[in-house]
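>>> need a 3D model of the following:
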Amino acid sequence: MDPIPSGGDVVDGQPVDAADMIAALTAAQFVFQDGATQSFTAEGRTTYVDGGLPSAGEWSVTGDGTFASFWPPTYRATYTVRWIVEDGVRVGVGFTDTRSGVRYDGRYR
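Alright, predicted model coming up:
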């Protein structure tokens, strides 16, 4: 896995720069509040596991720096991605759905 990006100072809630997105998402597996996990590869693949059931999807960074996901056969969503920072350490990212405004916090495992 890539190291969690640490260059420069970021604060909690700061958007993840498009240039840092791949490193931020592939640094480690994410664990969500409900216990689901998600892993990302630099090649644009993602696996979400909920209740032991895996689901495979694809992801990319759009030109404006938002995160786009595709879950076959038809589900597509875009998210803004913001750092979760505690005591000066990047501990995960929050994914906010650009349509609904719902936020999903993923913490590095």
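>>> helices of the protein, start to end?
Here the chain has its helices, by DSSP state H, at 21-26.
>>> quick one: low-confidence parts of it?
Per-residue confidence for the chain (pLDDT under 70) gives these ranges: 1-8.
>>> could I get the buried residue list for stretch 96-109?
Buried residues in stretch 96-109, counting neighbours by 16 or more other CB atoms under 10 Å, are found at 96, 104-108. Using the backbone N, CA and C atoms, a C-beta is placed for each residue, glycine as well.
>>> for the residue sitting nearest the centre point of the chain, which non-adjacent residue is closest in space?
Closest to where the C-alpha atoms of the chain average out (CA atoms, centre = their mean) is residue 25, at 5.0 Å. Spatially, and ignoring its direct neighbours in sequence, residue 25 is nearest to residue 40 (4.1 Å; CB to CB, 6 or more residues apart in numbering).
>>> ok, residue 61 next?
Leaving aside its chain neighbours, residue 61 sits nearest to residue 21 (4.6 Å; criterion: CB to CB, 6+ apart).
>>> hmm, residue 65 and that neighbour touching each other?
Yes: counting by CB atoms under 8 Å, residue 21 does reach residue 65; the two are 7.3 Å apart.
>>> more neighbours: the two, which one.
Legend: neighbour count by other CB atoms under 10 Å for residue 21 and residue 65, higher for residue 21 (22 against 15).
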